[in-house]
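# Mind looking at a prediction? Sequence and model below.
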Amino acid sequence: MIHKRIRPFNTKDTYPEQKLDNDLCQAVVAGKTIYLRGQVAQDLDTRENVSVGDPAGQAEKVMQNIALLLSECGAGLENICKVTVYLTDIRYRETVYRVLGRWMKGVYPVFTGLVVVALARPEWLVEVDVIAEFE
């Protein structure tokens, strides 16, 4: 089976201050399953961070990225099966989940929520990764 890789990039471009050199991508289509990289409040084209300090705004950008990437894979939000949410503060949970719930109304995925010490950049408050299936 050949996997289709969507939006390949190298970490030296995304995290130049970290002196990394890893070849990654934003999504992998493996058969009928789509695996999305953890999405944060960063523009996929410019790498600009958005909504710094605003968990609701960051959740909006995360969901925009997820919708865009699923579309580029030939799927949509309705194809989401599994969601993992990473928060840097438990107090963001209600705000972030409201945004995610609005975007995924009627989808009924399984959710796992975690509170972590930090994400890859200090300005990121929320990260979401997704697994989806499509025909």
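Looks like it arrived, so ask away.

# I would like the residues contacting whichever strand or helix holds Ala27, please.
Using DSSP states H and E, Ala27 sits within strand 23-30. By C-beta atoms under 8 Å, 6 or more residues apart in numbering, the residues outside strand 23-30 that reach it are 1, 3-11, 34-37, 44, 69-70, 72-74. Every C-beta, even on glycine, is put in place using the N, C-alpha and C of the backbone.

# 10 Å instead, please
Contacts to strand 23-30, defined as C-beta atoms under 10 Å, 6 or more residues apart in numbering, come from residues 1-12, 14, 34-39, 44, 65-66, 68-70, 72-75, 130, 132, 134.

# That one: partners in the sheet, and parallel or antiparallel?
Applying DSSP bridges to the sheet, strand 23-30 is found paired with strand 4-10 (antiparallel), strand 33-36 (antiparallel).

# Please find the angle between the direction vectors of the helix or strand that comes right after the last one and strand 4-10.
Past strand 33-36, further along toward the C-terminus, the next helix or strand under DSSP H and E is helix 55-72. Orientation note: helix 55-72 sits at an angle of 130 degrees relative to strand 4-10 (axes from the mean of the first three to the mean of the last three C-alpha atoms, to 10 degrees).
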